[in-house]
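In: Structure of the sequence below:
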Amino acid sequence: MKKYLIALVMIVMIMSCFFGKTLVMANEDEDDAVYNRYYTTIEVEKGDTLWSVAKTYYHHSGMSVREYVYELKLINGMVSDELRAGDMISVEYYAETPGNPYIK
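Out: A predicted model of the protein is given here:
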């Protein structure tokens, strides 16, 4: 009985090491992505707000949405958060390769 218990413990330890290493490696693959900063110009559509644009484009920037809104205002020389349909604004986005991934 003692031999079976030792064998069972060894099997569990080996499986834990294997699955633990697999999970760590999978997580490392996601972290290896390098995101570069790109700029593009978008046309503001009806219903868009500076905050909704920021929520679309801030991903992988390392900024909060609030910080990204400030960055958008700075890039576009804006004093207020007001946008009108038809306005053209510059946005920065972060992607592994050029080409705006947010345009459908």
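In: Could you double-check that Tyr39 lies in contact with Ile89?
Out: No. The criterion here is CB atoms under 8 Å, and Tyr39 misses it with Ile89 at 10.8 Å. Glycine gets a C-beta too; all of them are placed from N, C-alpha and C.
In: Compare these two (neighbour count), which wins?
Out: With neighbours defined as other CB atoms under 10 Å, Tyr39 and Ile89 compare such that Ile89 has more, 18 against 10.
In: so that one sits right up against Leu83, yeah?
Out: Yes. In this structure, Ile89 is within contact of Leu83 by CB under 8 Å, at 7.2 Å.
In: intersection of neighbour lists for the two?
Out: 44, 53 (CB atoms under 8 Å, 6 or more residues apart in numbering).
In: circling back: need the overlap of contacts for Tyr39 and Ile89.
Out: Contacts common to Tyr39 and Ile89, judged by CB under 8 Å, 6+ apart, are Ile75.
In: For this structure, just list every one of the helices.
Out: 2-31, 50-57, 65-75 (DSSP state H).
In: residues in contact with the last one?
Out: So that's helix 65-75. Residues contacting helix 65-75 (CB under 8 Å, 6+ apart): 39, 50-51, 53-55, 57-58, 61, 63, 78-79, 81, 89-92.
In: Selection in PyMOL covering whichever of these are buried, please.
Out: Those of the contacts of helix 65-75 that count as buried under 16 or more other CB atoms under 10 Å are selected in PyMOL with:
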select buried, resi 50+53+54+57+58+61+63+78+89+91+92
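In: hmm, back to that, now the weakest link among the helices of the chain, please, by mean pLDDT.
Out: Comparing mean pLDDT across the helices of the chain, the weakest is helix 2-31, with a mean of 69.
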